[in-house]
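S.K.: Could you look at this predicted model? Sequence included:
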Amino acid sequence: MPSKRTSRQPELLITLSRDRRRPMREQLQDELRTAIRDRRLRPGTVLPSTRTLADDLSVSRGVVVEAYEQLAAEGYLVTRAGGATRVAELIRVRQQAAAAMTDERFAFDFHPGEPDLHNFPYDSWQRAIRKAARALNPAQLRYRDPRGAIELREALSSYLARARGVVSTPEQVVVCSGCTQGLSLAGRVLQKRGATRLAVEAPGHPHVRQVVMECGLTPVPIPVDDDGLDVTALQRHSVSGVIVSPAHQNPTGTVLSAHRRQQLLAWAARTGAIVIEDDYDAEYRYDRRAVGALQGLSLRHTWYVGSASKLLAPNLRLGWLIVNGPMLDDIVRTKLHVDAGTPVMEQLAYAHFIDSGELDRHLRRMRRIYASRRLALLRALHAHCPDWDVKGAAAGLHLVAVPTTDRQQRAVLDRAARHSIRLYPLSGYNAGTRGFVFGYAKLTEAQIAAAFTRLFG
(Lines give C-alpha, C1' and ligand atoms only; values in the text may rest on other atoms or scores of the structure.)
Protein backbone atom coordinates (compact mmCIF):
# COMPACT_ATOMS: atom_id res chain seq x y z
CA MET A 1 0.00 0.00 0.00
CA PRO A 2 1.26 3.53 -0.72
CA SER A 3 2.36 5.50 2.31
CA LYS A 4 1.60 9.20 2.65
CA ARG A 5 3.63 10.90 5.32
CA THR A 6 4.34 14.48 6.25
CA SER A 7 7.55 15.77 7.76
CA ARG A 8 7.64 17.77 10.97
CA GLN A 9 8.69 21.43 10.51
CA PRO A 10 8.55 22.49 7.74
CA GLU A 11 5.74 20.27 6.55
CA LEU A 12 6.16 18.45 3.25
CA LEU A 13 3.72 15.98 1.72
CA ILE A 14 5.47 13.11 -0.06
CA THR A 15 3.90 9.98 -1.56
CA LEU A 16 6.04 6.85 -1.89
CA SER A 17 5.01 3.31 -2.77
CA ARG A 18 6.74 0.24 -1.49
CA ASP A 19 4.81 -1.95 -3.93
CA ARG A 20 6.51 -0.37 -6.93
CA ARG A 21 9.81 -1.67 -8.24
CA ARG A 22 11.36 1.76 -8.70
CA PRO A 23 13.96 2.63 -6.06
CA MET A 24 12.79 4.93 -3.28
CA ARG A 25 15.45 7.49 -4.24
CA GLU A 26 14.04 7.82 -7.77
CA GLN A 27 10.47 8.05 -6.45
CA LEU A 28 11.49 10.80 -4.03
CA GLN A 29 13.29 12.74 -6.77
CA ASP A 30 10.22 12.55 -9.01
CA GLU A 31 7.89 13.66 -6.22
CA LEU A 32 10.03 16.70 -5.43
CA ARG A 33 10.56 17.64 -9.10
CA THR A 34 6.80 17.50 -9.72
CA ALA A 35 6.08 19.58 -6.63
CA ILE A 36 8.57 22.24 -7.76
CA ARG A 37 7.32 22.31 -11.36
CA ASP A 38 3.70 22.54 -10.18
CA ARG A 39 4.70 25.36 -7.81
CA ARG A 40 3.53 23.47 -4.77
CA LEU A 41 7.11 24.10 -3.65
CA ARG A 42 8.00 27.65 -4.63
CA PRO A 43 11.43 29.25 -5.05
CA GLY A 44 13.05 29.82 -1.67
CA THR A 45 10.94 27.20 0.16
CA VAL A 46 12.89 25.50 2.95
CA LEU A 47 12.84 21.69 2.83
CA PRO A 48 13.05 19.34 5.81
CA SER A 49 16.49 18.17 6.87
CA THR A 50 17.60 14.87 5.40
CA ARG A 51 17.33 13.19 8.79
CA THR A 52 13.82 14.52 9.44
CA LEU A 53 12.46 13.58 6.02
CA ALA A 54 14.07 10.14 6.16
CA ASP A 55 12.47 9.51 9.54
CA ASP A 56 9.04 10.65 8.37
CA LEU A 57 9.16 8.52 5.22
CA SER A 58 10.68 5.50 6.97
CA VAL A 59 13.57 5.34 4.53
CA SER A 60 17.32 5.50 5.07
CA ARG A 61 18.88 8.91 5.32
CA GLY A 62 21.08 8.03 2.34
CA VAL A 63 17.98 7.89 0.12
CA VAL A 64 17.13 11.50 0.97
CA VAL A 65 20.74 12.68 0.77
CA GLU A 66 21.15 11.25 -2.75
CA ALA A 67 17.79 12.66 -3.88
CA TYR A 68 18.70 16.13 -2.59
CA GLU A 69 22.15 15.94 -4.22
CA GLN A 70 20.70 14.95 -7.59
CA LEU A 71 18.09 17.73 -7.53
CA ALA A 72 20.75 20.23 -6.46
CA ALA A 73 22.87 19.11 -9.41
CA GLU A 74 19.90 19.68 -11.72
CA GLY A 75 19.40 23.15 -10.27
CA TYR A 76 16.14 22.50 -8.44
CA LEU A 77 17.58 22.81 -4.93
CA VAL A 78 20.28 24.81 -3.19
CA THR A 79 22.13 23.06 -0.37
CA ARG A 80 24.54 24.68 2.07
CA ALA A 81 26.74 22.88 4.56
CA GLY A 82 25.23 23.32 7.99
CA GLY A 83 22.29 25.26 6.57
CA ALA A 84 18.83 24.61 5.22
CA THR A 85 18.08 23.07 1.83
CA ARG A 86 15.88 25.35 -0.26
CA VAL A 87 14.13 25.33 -3.61
CA ALA A 88 16.42 27.24 -5.96
CA GLU A 89 15.46 30.82 -6.82
CA LEU A 90 16.48 30.06 -10.40
CA ILE A 91 13.56 27.68 -10.90
CA ARG A 92 11.12 28.75 -13.60
CA VAL A 93 8.69 25.91 -13.82
CA ARG A 94 8.05 24.22 -17.19
CA GLN A 95 4.76 22.49 -17.82
CA GLN A 96 6.21 19.47 -19.60
CA ALA A 97 7.85 16.65 -17.70
CA ALA A 98 10.40 16.38 -20.49
CA ALA A 99 11.72 19.82 -19.59
CA ALA A 100 14.22 18.18 -17.24
CA MET A 101 16.18 17.08 -20.30
CA THR A 102 15.72 20.21 -22.44
CA ASP A 103 15.68 22.95 -19.81
CA GLU A 104 17.54 25.96 -21.18
CA ARG A 105 17.54 28.03 -18.02
CA PHE A 106 21.08 26.84 -17.17
CA ALA A 107 23.95 28.93 -18.44
CA PHE A 108 26.04 25.77 -18.87
CA ASP A 109 24.79 22.18 -19.04
CA PHE A 110 27.29 19.28 -18.97
CA HIS A 111 24.68 16.79 -20.20
CA PRO A 112 26.55 13.52 -20.86
CA GLY A 113 24.21 11.80 -23.28
CA GLU A 114 23.49 14.11 -26.19
CA PRO A 115 25.52 15.09 -29.28
CA ASP A 116 26.01 18.64 -30.51
CA LEU A 117 22.82 19.25 -32.49
CA HIS A 118 24.11 22.61 -33.71
CA ASN A 119 26.50 20.54 -35.83
CA PHE A 120 23.81 18.23 -37.14
CA PRO A 121 24.38 17.78 -40.91
CA TYR A 122 21.19 19.56 -41.91
CA ASP A 123 22.00 20.01 -45.59
CA SER A 124 23.09 16.43 -46.24
CA TRP A 125 20.21 15.02 -44.18
CA GLN A 126 17.72 17.11 -46.18
CA ARG A 127 19.24 15.72 -49.37
CA ALA A 128 18.82 12.21 -48.00
CA ILE A 129 15.19 12.93 -47.14
CA ARG A 130 14.53 14.24 -50.65
CA LYS A 131 16.15 11.16 -52.22
CA ALA A 132 14.05 8.92 -49.99
CA ALA A 133 10.88 10.79 -50.95
CA ARG A 134 11.64 10.53 -54.67
CA ALA A 135 12.30 6.80 -54.37
CA LEU A 136 9.14 6.16 -52.35
CA ASN A 137 6.59 3.83 -53.94
CA PRO A 138 3.26 2.28 -52.89
CA ALA A 139 4.85 -1.01 -51.86
CA GLN A 140 7.02 0.80 -49.30
CA LEU A 141 3.97 2.46 -47.74
CA ARG A 142 2.15 -0.79 -47.02
CA TYR A 143 2.59 -2.93 -43.94
CA ARG A 144 5.89 -4.65 -44.59
CA ASP A 145 8.47 -6.73 -42.81
CA PRO A 146 8.47 -5.60 -39.14
CA ARG A 147 12.27 -5.85 -39.22
CA GLY A 148 12.30 -2.64 -41.24
CA ALA A 149 13.08 -1.44 -44.73
CA ILE A 150 15.41 -3.81 -46.55
CA GLU A 151 17.33 -0.79 -47.89
CA LEU A 152 18.34 0.25 -44.37
CA ARG A 153 18.99 -3.28 -43.17
CA GLU A 154 21.38 -3.84 -46.08
CA ALA A 155 23.11 -0.50 -45.47
CA LEU A 156 23.46 -1.19 -41.74
CA SER A 157 24.75 -4.71 -42.26
CA SER A 158 27.45 -3.40 -44.59
CA TYR A 159 28.37 -0.34 -42.50
CA LEU A 160 28.55 -2.18 -39.18
CA ALA A 161 30.71 -4.89 -40.72
CA ARG A 162 33.38 -2.46 -41.92
CA ALA A 163 33.14 0.09 -39.08
CA ARG A 164 32.41 -2.07 -36.03
CA GLY A 165 33.33 -5.64 -37.02
CA VAL A 166 29.73 -6.82 -36.66
CA VAL A 167 28.94 -10.01 -38.58
CA SER A 168 25.35 -10.12 -39.86
CA THR A 169 23.04 -10.51 -42.80
CA PRO A 170 20.26 -8.02 -43.52
CA GLU A 171 17.78 -10.70 -42.42
CA GLN A 172 19.26 -10.62 -38.89
CA VAL A 173 18.89 -6.84 -38.52
CA VAL A 174 15.75 -5.51 -36.79
CA VAL A 175 15.27 -1.75 -37.08
CA CYS A 176 13.93 -0.27 -33.83
CA SER A 177 12.73 3.04 -32.47
CA GLY A 178 16.05 3.76 -30.79
CA CYS A 179 18.33 1.71 -28.58
CA THR A 180 15.69 1.63 -25.84
CA GLN A 181 13.29 -0.39 -27.95
CA GLY A 182 16.09 -2.75 -28.96
CA LEU A 183 16.86 -3.48 -25.31
CA SER A 184 13.16 -3.81 -24.55
CA LEU A 185 12.59 -6.33 -27.37
CA ALA A 186 15.53 -8.39 -26.14
CA GLY A 187 14.27 -8.34 -22.56
CA ARG A 188 10.69 -9.23 -23.52
CA VAL A 189 11.76 -12.21 -25.58
CA LEU A 190 14.05 -13.53 -22.85
CA GLN A 191 11.25 -13.14 -20.31
CA LYS A 192 8.84 -15.07 -22.53
CA ARG A 193 11.47 -17.77 -22.82
CA GLY A 194 11.49 -18.19 -19.04
CA ALA A 195 14.17 -15.74 -17.94
CA THR A 196 13.65 -14.02 -14.60
CA ARG A 197 16.97 -12.24 -13.98
CA LEU A 198 19.19 -10.13 -16.23
CA ALA A 199 22.57 -8.74 -15.19
CA VAL A 200 23.33 -5.03 -15.64
CA GLU A 201 26.46 -2.95 -15.11
CA ALA A 202 26.94 -1.12 -11.80
CA PRO A 203 27.33 1.77 -12.00
CA GLY A 204 25.14 1.96 -15.04
CA HIS A 205 22.54 4.19 -16.61
CA PRO A 206 19.32 3.97 -14.53
CA HIS A 207 17.29 3.89 -17.74
CA VAL A 208 18.74 0.48 -18.62
CA ARG A 209 17.71 -0.90 -15.25
CA GLN A 210 14.23 0.55 -15.69
CA VAL A 211 13.84 -1.10 -19.11
CA VAL A 212 14.83 -4.44 -17.61
CA MET A 213 12.22 -4.12 -14.86
CA GLU A 214 9.52 -3.10 -17.31
CA CYS A 215 10.22 -6.35 -19.19
CA GLY A 216 9.29 -8.26 -16.04
CA LEU A 217 12.91 -9.13 -15.22
CA THR A 218 14.95 -8.52 -12.10
CA PRO A 219 18.11 -6.49 -12.78
CA VAL A 220 21.19 -7.95 -11.08
CA PRO A 221 23.94 -5.32 -10.64
CA ILE A 222 27.47 -6.46 -11.53
CA PRO A 223 30.43 -4.24 -10.54
CA VAL A 224 32.50 -2.40 -13.14
CA ASP A 225 36.17 -1.64 -12.54
CA ASP A 226 39.03 -0.29 -14.63
CA ASP A 227 38.86 -3.37 -16.91
CA GLY A 228 35.11 -3.13 -17.42
CA LEU A 229 32.47 -5.60 -16.25
CA ASP A 230 33.74 -7.91 -13.49
CA VAL A 231 33.06 -11.30 -15.11
CA THR A 232 34.21 -13.18 -12.02
CA ALA A 233 31.46 -11.45 -10.04
CA LEU A 234 28.99 -12.18 -12.86
CA GLN A 235 29.76 -15.88 -12.66
CA ARG A 236 28.52 -15.98 -9.06
CA HIS A 237 24.96 -15.16 -10.17
CA SER A 238 22.34 -17.22 -11.94
CA VAL A 239 21.13 -14.97 -14.77
CA SER A 240 19.85 -15.53 -18.30
CA GLY A 241 21.95 -12.77 -19.80
CA VAL A 242 23.80 -9.51 -19.27
CA ILE A 243 23.59 -6.04 -20.80
CA VAL A 244 27.12 -4.72 -21.28
CA SER A 245 28.68 -1.69 -23.01
CA PRO A 246 32.18 -2.95 -23.83
CA ALA A 247 33.40 -0.16 -26.14
CA HIS A 248 32.82 2.74 -23.72
CA GLN A 249 31.01 1.91 -20.51
CA ASN A 250 28.28 4.27 -19.40
CA PRO A 251 29.08 6.12 -17.17
CA THR A 252 32.65 5.15 -16.15
CA GLY A 253 34.07 5.30 -19.67
CA THR A 254 36.09 2.11 -19.25
CA VAL A 255 36.75 -0.28 -22.14
CA LEU A 256 36.18 -4.00 -21.56
CA SER A 257 39.67 -5.54 -21.60
CA ALA A 258 40.63 -8.34 -23.98
CA HIS A 259 40.89 -10.81 -21.09
CA ARG A 260 37.44 -9.87 -19.78
CA ARG A 261 35.98 -10.20 -23.28
CA GLN A 262 37.22 -13.76 -23.54
CA GLN A 263 35.98 -14.50 -20.02
CA LEU A 264 32.54 -13.10 -20.81
CA LEU A 265 32.11 -15.02 -24.05
CA ALA A 266 33.33 -18.23 -22.42
CA TRP A 267 30.76 -17.75 -19.64
CA ALA A 268 27.99 -17.22 -22.22
CA ALA A 269 28.98 -20.32 -24.18
CA ARG A 270 29.16 -22.43 -21.03
CA THR A 271 25.86 -21.28 -19.51
CA GLY A 272 23.83 -20.58 -22.65
CA ALA A 273 23.25 -17.00 -21.46
CA ILE A 274 22.85 -14.10 -23.87
CA VAL A 275 25.25 -11.15 -23.96
CA ILE A 276 23.33 -8.04 -25.06
CA GLU A 277 25.97 -5.65 -26.38
CA ASP A 278 25.01 -1.99 -26.10
CA ASP A 279 27.57 -0.44 -28.47
CA TYR A 280 27.40 2.87 -26.62
CA ASP A 281 29.54 5.74 -27.98
CA ALA A 282 31.56 3.18 -29.95
CA GLU A 283 32.31 5.30 -33.02
CA TYR A 284 34.03 8.03 -31.01
CA ARG A 285 37.59 7.10 -30.06
CA TYR A 286 40.23 9.85 -30.06
CA ASP A 287 43.58 8.31 -29.11
CA ARG A 288 43.52 5.16 -31.25
CA ARG A 289 41.34 3.10 -33.54
CA ALA A 290 38.06 2.04 -31.95
CA VAL A 291 37.81 -1.44 -30.46
CA GLY A 292 35.67 -3.77 -32.58
CA ALA A 293 32.30 -5.04 -31.43
CA LEU A 294 32.10 -8.03 -29.13
CA GLN A 295 29.44 -9.54 -31.39
CA GLY A 296 31.99 -10.36 -34.09
CA LEU A 297 33.68 -12.83 -31.73
CA SER A 298 30.56 -14.77 -30.77
CA LEU A 299 27.59 -14.58 -33.11
CA ARG A 300 25.35 -17.12 -31.42
CA HIS A 301 25.60 -15.81 -27.86
CA THR A 302 25.79 -12.05 -28.49
CA TRP A 303 22.95 -9.74 -29.52
CA TYR A 304 24.03 -6.33 -30.78
CA VAL A 305 22.19 -3.06 -30.06
CA GLY A 306 23.02 0.33 -31.58
CA SER A 307 21.38 3.59 -32.58
CA ALA A 308 21.77 6.88 -34.42
CA SER A 309 21.16 8.88 -31.23
CA LYS A 310 24.82 9.78 -30.61
CA LEU A 311 25.82 9.67 -34.27
CA LEU A 312 23.16 12.11 -35.52
CA ALA A 313 20.29 13.00 -33.17
CA PRO A 314 18.23 11.25 -30.46
CA ASN A 315 14.84 12.27 -31.84
CA LEU A 316 15.36 10.50 -35.16
CA ARG A 317 14.41 7.40 -33.11
CA LEU A 318 16.49 5.02 -35.21
CA GLY A 319 18.10 2.01 -33.64
CA TRP A 320 18.87 -1.60 -34.50
CA LEU A 321 19.00 -4.99 -32.85
CA ILE A 322 21.00 -7.77 -34.49
CA VAL A 323 20.20 -11.33 -33.49
CA ASN A 324 21.74 -14.51 -34.88
CA GLY A 325 20.02 -17.63 -33.64
CA PRO A 326 16.71 -19.33 -32.98
CA MET A 327 15.24 -16.40 -31.04
CA LEU A 328 15.31 -14.06 -34.05
CA ASP A 329 11.77 -15.10 -35.01
CA ASP A 330 10.59 -14.30 -31.47
CA ILE A 331 12.19 -10.86 -31.73
CA VAL A 332 10.47 -10.17 -35.07
CA ARG A 333 7.06 -11.32 -33.78
CA THR A 334 7.44 -9.14 -30.69
CA LYS A 335 8.37 -6.14 -32.82
CA LEU A 336 5.27 -6.78 -34.96
CA HIS A 337 3.03 -6.83 -31.90
CA VAL A 338 4.61 -3.72 -30.36
CA ASP A 339 4.27 -1.31 -33.28
CA ALA A 340 4.22 -3.21 -36.60
CA GLY A 341 7.40 -1.43 -37.69
CA THR A 342 9.41 1.80 -37.56
CA PRO A 343 8.42 4.77 -39.81
CA VAL A 344 9.78 4.19 -43.29
CA MET A 345 10.84 7.68 -44.43
CA GLU A 346 13.56 8.04 -41.78
CA GLN A 347 14.77 4.52 -42.55
CA LEU A 348 15.13 5.22 -46.27
CA ALA A 349 16.81 8.55 -45.59
CA TYR A 350 19.32 6.96 -43.21
CA ALA A 351 20.05 4.25 -45.77
CA HIS A 352 20.84 6.98 -48.35
CA PHE A 353 22.90 8.82 -45.72
CA ILE A 354 25.04 5.74 -45.13
CA ASP A 355 25.38 4.63 -48.76
CA SER A 356 26.35 8.11 -49.96
CA GLY A 357 29.26 8.29 -47.50
CA GLU A 358 27.69 11.20 -45.59
CA LEU A 359 27.72 9.29 -42.30
CA ASP A 360 31.46 8.64 -42.58
CA ARG A 361 32.12 12.30 -43.40
CA HIS A 362 30.00 13.47 -40.51
CA LEU A 363 31.73 11.13 -38.06
CA ARG A 364 35.23 12.21 -39.15
CA ARG A 365 34.24 15.84 -38.66
CA MET A 366 32.60 15.29 -35.26
CA ARG A 367 35.53 13.24 -33.95
CA ARG A 368 37.79 16.26 -34.44
CA ILE A 369 35.29 18.56 -32.76
CA TYR A 370 34.63 16.29 -29.78
CA ALA A 371 38.31 15.48 -29.31
CA SER A 372 39.05 19.21 -29.07
CA ARG A 373 36.26 19.73 -26.54
CA ARG A 374 37.40 16.78 -24.46
CA LEU A 375 40.90 18.29 -24.37
CA ALA A 376 39.44 21.63 -23.28
CA LEU A 377 37.61 19.88 -20.44
CA LEU A 378 40.77 18.07 -19.34
CA ARG A 379 42.67 21.37 -19.33
CA ALA A 380 39.95 23.02 -17.26
CA LEU A 381 39.97 20.16 -14.76
CA HIS A 382 43.76 20.28 -14.53
CA ALA A 383 43.75 24.05 -13.99
CA HIS A 384 40.94 24.23 -11.44
CA CYS A 385 40.86 20.72 -9.90
CA PRO A 386 44.39 19.29 -10.19
CA ASP A 387 43.80 16.81 -7.37
CA TRP A 388 40.68 15.26 -8.96
CA ASP A 389 40.91 11.76 -10.44
CA VAL A 390 39.85 11.65 -14.11
CA LYS A 391 38.59 8.29 -15.35
CA GLY A 392 37.63 6.76 -18.68
CA ALA A 393 39.15 6.16 -22.08
CA ALA A 394 39.70 8.95 -24.60
CA ALA A 395 36.38 8.13 -26.22
CA GLY A 396 32.69 8.91 -26.33
CA LEU A 397 30.92 12.09 -25.31
CA HIS A 398 31.69 12.19 -21.58
CA LEU A 399 34.27 11.52 -18.89
CA VAL A 400 34.17 11.00 -15.13
CA ALA A 401 36.01 13.25 -12.66
CA VAL A 402 36.16 12.39 -8.97
CA PRO A 403 36.69 15.00 -6.23
CA THR A 404 39.00 14.03 -3.36
CA THR A 405 36.33 14.19 -0.64
CA ASP A 406 32.57 14.03 -0.23
CA ARG A 407 32.66 17.49 1.31
CA GLN A 408 34.37 18.85 -1.80
CA GLN A 409 31.69 17.26 -3.99
CA ARG A 410 28.88 18.84 -1.95
CA ALA A 411 30.58 22.23 -2.16
CA VAL A 412 30.87 21.99 -5.95
CA LEU A 413 27.21 21.01 -6.26
CA ASP A 414 26.23 24.00 -4.17
CA ARG A 415 28.32 26.40 -6.26
CA ALA A 416 26.95 24.91 -9.49
CA ALA A 417 23.36 25.48 -8.35
CA ARG A 418 24.12 29.09 -7.43
CA HIS A 419 25.92 29.80 -10.72
CA SER A 420 23.41 28.23 -13.17
CA ILE A 421 25.64 25.27 -14.03
CA ARG A 422 24.08 21.85 -14.42
CA LEU A 423 26.23 18.94 -13.22
CA TYR A 424 25.53 15.21 -13.13
CA PRO A 425 26.73 13.33 -10.02
CA LEU A 426 27.81 9.73 -10.39
CA SER A 427 25.24 8.92 -7.69
CA GLY A 428 22.55 9.31 -10.34
CA TYR A 429 23.85 6.15 -12.03
CA ASN A 430 23.03 3.73 -9.21
CA ALA A 431 26.45 4.31 -7.72
CA GLY A 432 27.22 5.07 -4.10
CA THR A 433 30.57 6.67 -4.91
CA ARG A 434 31.32 10.33 -5.45
CA GLY A 435 32.18 11.79 -8.82
CA PHE A 436 30.71 13.79 -11.70
CA VAL A 437 29.87 12.69 -15.23
CA PHE A 438 30.92 15.57 -17.49
CA GLY A 439 29.44 15.61 -20.98
CA TYR A 440 31.43 17.82 -23.33
CA ALA A 441 29.69 17.34 -26.70
CA LYS A 442 27.20 20.22 -26.37
CA LEU A 443 29.64 22.88 -25.09
CA THR A 444 32.30 24.67 -27.10
CA GLU A 445 35.86 25.00 -25.81
CA ALA A 446 35.16 28.60 -24.79
CA GLN A 447 31.97 27.60 -22.94
CA ILE A 448 33.79 24.85 -21.05
CA ALA A 449 36.49 27.29 -19.94
CA ALA A 450 33.89 29.90 -18.94
CA ALA A 451 31.86 27.36 -16.96
CA PHE A 452 34.89 26.30 -14.90
CA THR A 453 35.93 29.91 -14.34
CA ARG A 454 32.44 30.68 -13.05
CA LEU A 455 32.40 27.50 -10.93
CA PHE A 456 35.86 27.83 -9.37
CA GLY A 457 37.00 31.36 -10.13
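M.R.: Structure received.
S.K.: State which strand of the protein is the longest.
M.R.: strand 218-225 (DSSP state E).
S.K.: What is that strand packed up against?
M.R.: strand 197-202, helix 206-214, helix 231-234 (3 or more CB pairs under 8 Å, 6 or more residues apart in numbering; DSSP states H and E). For every residue, glycine as well, the C-beta is placed using N, CA and C.
S.K.: Identify the residues contacting the first one?
M.R.: Outside strand 197-202, the residues within contact range by CB atoms under 8 Å, 6 or more residues apart in numbering are 187, 190, 208-209, 212, 215, 217-224, 229, 234, 237-245, 249-250, 430-431.
S.K.: Could you chop the chain up by domain?
M.R.: 1-104, 122-357 (automatic domain parsing).
S.K.: Doesn't A451 belong to a helix?
M.R.: Yes. Counting by DSSP: H, G, I helix; E, B strand; the rest coil, A451 falls inside a helix.
S.K.: Tell me who's in contact with the nearest residue to it once chain neighbours are set aside.
M.R.: Leaving aside its chain neighbours, A451 sits nearest to F108 (3.8 Å; criterion: CB to CB, 6 or more residues apart in numbering). Counting by CB under 8 Å, 6+ apart, F108 touches S420, I421, R422, L443, Q447, A450, A451, R454.
S.K.: so F108 bridges to which residues?
M.R.: I421 (DSSP bridges).
S.K.: so how far is V305 from L294?
M.R.: Separation of L294 from V305 (CB to CB, to the nearest Å): 11 Å.
S.K.: A202 now?
M.R.: 19 Å.
S.K.: For L294 and V305, list the residues in contact with both.
M.R.: E277.
S.K.: sorry, back to before: okay, the angle between the longest strand of the chain and helix 206-214?
M.R.: Here strand 218-225 runs at an angle of 150 degrees relative to helix 206-214 (axes from the mean of the first three to the mean of the last three CA atoms, to 10 degrees).
S.K.: continuing past strand 218-225, what's the next helix or strand?
M.R.: With elements assigned by DSSP states H and E, the helix or strand that comes after strand 218-225 is strand 228-229.
S.K.: quick one: strands adjacent to that next one?
M.R.: strand 218-225 (antiparallel).
S.K.: Identify each buried residue in the partner strand, please.
M.R.: P219, V220, P221, I222, V224 (16 or more other CB atoms under 10 Å).
S.K.: cool, stretch 59-79 as well?
M.R.: 59, 63-79.
S.K.: Looking at A202 and V305, which is more packed in?
M.R.: V305 (27 against 19; other CB atoms under 10 Å).
S.K.: Once you drop chain neighbours, what's closest to that one?
M.R.: Counting by CB to CB, 6+ apart, the residue nearest V305 is G182, at 4.2 Å.
S.K.: Mind listing what's buried along the strand or helix carrying the one you found?
M.R.: Per DSSP H and E: G182 is located in helix 178-192. For helix 178-192, burial by neighbour count (16+ other CB under 10 Å) applies to 178-191.
S.K.: ok but A416 is inside a strand, no?
M.R.: No. Per three-state DSSP, A416 lies outside any strand segment and is helix.
S.K.: Does A395 touch N250 like I think?
M.R.: No. Counting by CB atoms under 8 Å, N250 is not a contact partner of A395; they are 11.2 Å apart.
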